[in-house]
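**Student:** based on what follows, work out the 3D shape:
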Amino acid sequence: MLKRILVLDNNQLILDTIQEALLYDKFEVKITTDSKNIIENIQSYKPHLVILDYKNTGPKGDAICRQIKNNPHLNDTPVIMCSAYLNDNDSDMELCGCDAIISKPFGLVELLEKVNNLVYC
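**Tutor:** Numbering: from 1, shown residues only. Purely as a prediction, here's the structure:
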């Protein structure tokens with residue numbers, strides 16, 4: 001059975017790149033730009049890992065991560081936070097309870113290492 005990963009980002013090019021890399025590495029991947037319905041997407045898709053962009057057009061990634069980590073049905077789902085704004089919001093991302101942080105721009109090797117470490121730990 002393939003491990004499922006759900007990816008939220010407001011940039012379609014980033015979503016497509018992440019999806020291609022994860023598919024190549026033998027993951028099942030669902031991508032979305034819809035941060036408003038992300039909790040419902042997580043509940044229905046039941047991913048083994050969630051990758052969130054910090055800045056979205058709706059709720060920010062740290063708020064979404066807190067919702068995941070505070071939900072007893074989802075809180076064991078690992079979350080990777082991606083951001084080009086790490087210098088400004090390090091404490092926000094650490095406080096949200098994410099399991100890993102990736103600074104944008106990031107390399108695909110770094111992404112795949114963090115994904116594999118969280119999914120197959």
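
**Student:** alpha carbons only for contacts and neighbour counts from here, please
**Tutor:** OK.

**Student:** can you name the element that comes right after the worst-scoring helix or strand of the chain on mean pLDDT?
**Tutor:** Across the helices and strands of the chain, mean pLDDT, DSSP states H and E gives its lowest value to helix 86-95, namely a mean of 57. The helix or strand immediately downstream of helix 86-95 is strand 100-103, counting by DSSP states H and E.

**Student:** sheet-wise, list the partners of that next one with their directions.
**Tutor:** strand 79-83 (parallel) (DSSP bridges).

**Student:** contact partners of the strand it pairs with?
**Tutor:** 49-55, 61-62, 65, 93, 98-104, 115 (C-alpha atoms under 8 Å, 6 or more residues apart in numbering).

**Student:** put the buried members of those residues into a ChimeraX selection.
**Tutor:** ChimeraX command restricting these to the buried ones, with burial defined by 16 or more other C-alpha atoms under 10 Å:
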select :49,50,51,52,53,54,55,61,62,65,93,98,99,100,101,102,115
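
**Student:** so what's the spatially most central residue of the chain up against?
**Tutor:** Residue closest to the mean C-alpha point of the chain, counted by C-alpha atoms, centre = their mean, is residue 51 at 0.9 Å. By C-alpha under 8 Å, 6+ apart, the residues touching residue 51 are 5, 6, 7, 8, 79, 80, 81, 82.
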